[in-house]
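> Structure for this input, please:
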Amino acid sequence: MNRKANKSPNSQLRRYIALARILTRNRFGLTKEEIIEKLRKEDIAPPSHRTFQRDIEELRMSGYDISCGDEYRYKLENREEIVSGAFSLEEIQALQMCRDLFTYFDGTHLKDSIDSAINAVIGSQKTPFRKEDLEEIRQNFMVHLGWRRDFLDKRELLDSVAYGVNSSTKLKISYKKPNHEIQTVTVEPYRIALYHDSLYLLAKKENSSRGLHLYHISRFEEVVETSEEFVKENRLVREYEEKLSHCFGIFIDGDLCDIEIKFDKSVEYMLRERLWHGSQTVETKENCVILKLRVYKSGEFMAWVKGWGDLVKGISSSKATP
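From the prediction side, this is the model:
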């Protein structure tokens, strides 16, 4: 793709990163012409030889030990020390987007850990990043997640949940469902699950034969760490993941059914443009549009159907064979 050359800070930063990557990946060095040709293929060749030389000097000032021998080959002498020099601008942009995707969990150890990891990765890059450069990269893509749940008051509880999951030790949790009394159970924690704007603990209740169950972390009142270890059963995880593939959302309840929903024809574009479930098909009839799915007929699914109101003209289902 041929792009018009531009002189924005982002363009200069892109050239620095590409130059660092090229030098890092070529053990025996390259001539100026070879380097410029590689940059030209990425549509970021320096506008002049003076600019090229200035770019080399900028990298040297940032810790890149670049030599230029008798054959006028530019070689990175401390190549083994700079393992992160291969990042492209797009890869750094992707890391910044990942940071924004987890703004749901500002104030929790999860978000702090993500920020710390991304900062460490970007900070290990010796290309001369400035704070304003990174902010410009971040703003070039927008991540809009809507209204966010506040998990700040659950920070200590989340720390204990993460400890139990990572160390395979049982937890005693006290939780309260809406309009219910507080319940206290001992569980074997398997995973922390993210779904929409909520965090869940996937766990097995002690002495239960029911299998794995989801606990909404926002309902937790107290989490007590124990010293009692347990062994995670891979069979239970496989069974859960198999059932999850047929869920409309994340909750496994109700019968597995082949379902047909008749919609008003005015919403056909919405049904075709959205992926509601991997099994879905959309058929256009003379007076309606039919959405077919194979999912568990759960309360979560039926609430979604009712949310369409009068746009749903009918629904039929038959029990499916798993």
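
> quick one: the helices in the stretch 151-300 of the chain?
Listed in chain order, the helices of the stretch 151-300 of the chain (DSSP state H, counting those that start in this stretch) span 155-167, 234-244, 268-273, 299-306.

> Go through these and pick out the most buried.
Stretch with highest mean neighbour count among the helices of the stretch 151-300 of the chain: helix 155-167 (a mean of 17; mean count of other Cβ atoms under 10 Å). For the C-beta atoms, the positions are set from N, CA and C on the backbone; glycine is no exception.

> contact partners of that one?
For helix 155-167, contacts defined as Cβ atoms under 8 Å, 6 or more residues apart in numbering pick out 107-110, 151, 169-171, 189-192, 199, 201, 217, 220, 222-225, 229.

> So the residue nearest the centre of the chain, which state does it fall into?
With distances taken as Cα atoms, centre = their mean, Cys98 lies nearest the centre of the chain, 5.8 Å away. At Cys98, secondary structure determined by DSSP: H, G, I helix; E, B strand; the rest coil is helix.

> need the strands for the stretch 201-322 of the chain, in chain order.
212-216, 220-229, 256-263, 281-284, 289-296, 312-319 (DSSP state E, counting those that start in this stretch).

> could those be laid out in TSV, adding mean neighbour count?
Listed next are these as TSV, based on neighbours: other Cβ atoms under 10 Å:
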stretch	mean neighbour count
strand 212-216	18
strand 220-229	14
strand 256-263	19
strand 281-284	12
strand 289-296	20
strand 312-319	13
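
> Arrange those strands in TSV, one row each, with distance to Ser245 and mean pLDDT as further columns.
Formatted as TSV, the strands of the stretch 201-322 of the chain follow (distance: least, Cβ to Cβ, whole Å; pLDDT from 0 to 100):
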stretch	distance to Ser245	mean pLDDT
strand 212-216	14	91
strand 220-229	28	94
strand 256-263	11	95
strand 281-284	16	95
strand 289-296	10	95
strand 312-319	17	94
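
> mind putting the ones you listed in a markdown table, distance to Leu275 included?
Listed next are those as a markdown table, based on distance: least, Cβ to Cβ, whole Å:
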| stretch | distance to Leu275 |
| --- | --- |
| strand 212-216 | 22 |
| strand 220-229 | 32 |
| strand 256-263 | 15 |
| strand 281-284 | 11 |
| strand 289-296 | 11 |
| strand 312-319 | 19 |
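
> how about these, which one is nearest Ala94?
Ala94 sits nearest to strand 212-216 of all these, at 29.7 Å, using Cβ to Cβ.
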